[in-house]
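1. just the structure for this:
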Amino acid sequence: MSALLPLVVPLLLLALLNVPGRACRVAIRLAPLASLPLLWPVIAPATIELPDLLLGLKLGADAISRPLLLLAAIVWTLAAWLAQARVHEARLLFWGGWLTSLVGLSLMLLARDIAAFYIGYATLSLASWLLIVHAREPEAWRAGRIYLVMALAGEMAVFAAIMKIVSVAGNIELAELVRQPILAGPWALLALAGFAVKMGIVPLHLWLPLAHPVAPVPASAVLSGVIVKAGLLGWLRLLPPGTELAQVAWTFVIALGLATAFAGVLLGLCQSRPKVVLAYSTISQMGLVLAAWAAMMLGPDPAAMLPWLGVLVLHHGLNKAALFMACGCAPGRSRLRMLFVALPALALAAAPLTTGALAKTGIKTVFEDGGLGGVWIVLLSLSSVATAVLLWRFWKMAGQMRQYRTAHPAWLLITLLAMLLPWLWALWTGLPLLKGLLAVVSSAWPLLLAFALVVLWRLRGPTDAIELPAGDLVVALERLVARLAPLWFDPPRPGFSRGSIALPPTERFRRRLIAIESRITTVPLAGFLILAIGGLIWLVAWWAGISA
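-> Residues are numbered from 1 along each chain as shown. Next comes the predicted model:
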């Protein structure tokens, strides 16, 4: 039953949320406890089988999902605690999206078969939209539309790859898929691209910097700390070691990851809002995760490198969630609060003796195991320089945040856990900590170089900084579509003028879309509607399974 509780508890709270009055208030009060059952499969792994559900539902934790389960339990619980104090508007919408996302995440993390994994992944993707559009303002609707377009495009790519697996092996267990990889060539690239949307890999990153500034602070913490890691889990599940791809393809993927790491920093330096800067920092860090995963695939024993990926996941997820939660705790009000901003920022910049230095040591170990040295290692070190410069910019912005009088205990607690847990995970999984400790002492030069660059920049005096809109490429695409739309939808009509009562088709479509969006988000059952879509996906998968 331990594997079933992470699904049952949020579903029960979601049901109570839709009962007006006291039951709804109780559900909101208990919401931070809904993610705690995710800890139990980490401590005492067990498998449960329900043959009558989802083509034979199998749930349980394994070596791949345990670090993500631990991360999700901590970040989701502490962010929900913060949300109780900070989210006061549209609470039904927020908590409906929150609990439904948790259901999808739990199913995806605990799934042991391909059908359950995809239903969880799809539910998580759709429910996240409710968190993004929570403010129900024009900027939020725009971010939500772009997220949906990109998420559904990624879903189609992933669904096509999964249907390929189902057509060959039916509802195969994920452990069996590791032993006999099915996706190869173009199919493998399709799955890679589909999950890359969730990870925010350049150029598929456009939704991320638009979503974070409009989402509530707790939602940003789970989006950037946990939900983006769903893409990594998808790669580990569907593209296990042994997947047939040419070495040049893996090398290209590693190069794309490192390019994303530097592009995220460069684009982030051109932003003026703190949460947007952090969003681009997440894009940069996910580029490093992509590079580490691809380098692992080139090694002789990828399974031996999995614990290092666990360290990387815990390190980034906890520290990035801490920085986002700082945005809701007015760090600029005291030096002590600014210290709690500096600690995770230094860790993400891989400062000596931090969890970031340990994680960077792990990435270098993975690279060396995959036969990648020389210029690749230099680029990894330079990425730490770039991250340090970007987070210095965020630190300066954090000093201006003074909205709230008090710092919430959830922020302080997650900052302390971020300093400790990756080290404990490395110890628990038997990683060579002595090697890591010796390596972190020699990792000071990237931080010193970043410090020198910042000093040189400040000595230049006031300069006109380059500023780009959040979403960068999406703005150019929107302008292009706006210019082409009249040619496609509004051909010149005799007698039509701007003063006419009749509206152009594009404007009518836009207004109808906004009306539909507003109705969906005012329905308390929005979470259940998303679960119903998940059920429809299951029916399609079931029909494909019996027809194969």
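2. which residue is the nearest non-sequential neighbour of residue 421?
-> residue 314 (5.6 Å; C-beta to C-beta, 6 or more residues apart in numbering). In short, each C-beta sits where N, CA and C put it, glycine included.
3. what sits against residue 373?
-> residue 367 (C-beta atoms under 8 Å, 6 or more residues apart in numbering).
4. hang on, the earlier thing: burial check on the residue nearest to residue 421, number of neighbours?
-> 25 (other C-beta atoms under 10 Å).
5. for it, give its distance to residue 143.
-> Distance, residue 314 to residue 143, by C-beta to C-beta, to the nearest Å: 28 Å.
6. residue 99 now?
-> 21 Å.
7. again, but for residue 353
-> With C-beta to C-beta as the criterion, residue 353 and residue 143 are 38 Å apart.
8. now residue 17
-> Relative to residue 143, and taking C-beta to C-beta, residue 17 is found at 24 Å.
9. now do the contacts for the residue nearest to the spatial centre of the chain.
-> Nearest to the mean C-alpha position of the chain, counting by C-alpha atoms, centre = their mean, stands residue 228 at 1.5 Å. Residue 228 makes contact with 198-200, 208, 282, 286, according to C-beta under 8 Å, 6+ apart.
10. of all those residues, which comes closest to residue 104?
-> Closest to residue 104 out of those is residue 198 (12.1 Å), distances taken as C-beta to C-beta.
11. what is the burial count for the residue nearest to the closest one when sequence neighbours are not counted?
-> The shortest distance from residue 198 to any non-neighbouring residue, by C-beta to C-beta, 6+ apart, is to residue 231 (3.7 Å). Per other C-beta under 10 Å, the neighbour tally for residue 231 reads 26.
12. could you do residue 141 as well?
-> 19.
13. and it, what element?
-> Take DSSP states H and E as the rule and residue 141 turns out to sit in helix 138-169.
14. after that helix, which helix or strand is next?
-> Helix 138-169 is succeeded, C-terminally, by helix 174-179 (DSSP H and E).
15. using PDB, list the CA coordinates for stretch 404-415.
-> Coordinates of each C-alpha in stretch 404-415 appear next as PDB, following Å, rounded to 0.1, in the frame of the first residue of the first chain:
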ATOM      1  CA  TYR A 404       6.600  40.800   2.900                       C
ATOM      2  CA  ARG A 405       7.500  41.600   6.500                       C
ATOM      3  CA  THR A 406       8.300  38.000   7.500                       C
ATOM      4  CA  ALA A 407      10.400  35.200   6.000                       C
ATOM      5  CA  HIS A 408       8.400  32.000   5.800                       C
ATOM      6  CA  PRO A 409      10.000  29.100   7.700                       C
ATOM      7  CA  ALA A 410       9.500  26.900   4.600                       C
ATOM      8  CA  TRP A 411      12.100  28.900   2.700                       C
ATOM      9  CA  LEU A 412      14.700  28.800   5.500                       C
ATOM     10  CA  LEU A 413      14.200  25.000   5.900                       C
ATOM     11  CA  ILE A 414      14.500  24.200   2.200                       C
ATOM     12  CA  THR A 415      17.700  26.300   2.100                       C
END
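16. contacts made by it with the rest, please.
-> Counting by C-beta under 8 Å, 6+ apart, 74-75, 78-79, 81-82, 85-86, 318, 321-322, 325-326, 328-331, 333, 337, 340, 343-344 sit against stretch 404-415.
17. quick one: contacts for residue 63?
-> 303, 306.
18. how much space separates residue 417 from residue 327?
-> Relative to residue 327, and taking C-beta to C-beta, residue 417 is found at 18 Å.
19. before we move on, what about residue 380?
-> Counting by C-beta to C-beta, the gap from residue 380 to residue 327 is 28 Å.
20. quick one: which of these two has more around it?
-> residue 327 (25 against 22).
21. list the buried ones in the helix holding residue 141?
-> 140-148, 150-151, 154-155, 157-159, 161-166, 169 (16 or more other C-beta atoms under 10 Å).
22. name the helices or strands packed onto that helix?
-> helix 114-132, helix 174-179, helix 185-199, helix 208-214, helix 230-238, helix 505-522, helix 526-547 (3 or more C-beta pairs under 8 Å, 6 or more residues apart in numbering; DSSP states H and E).
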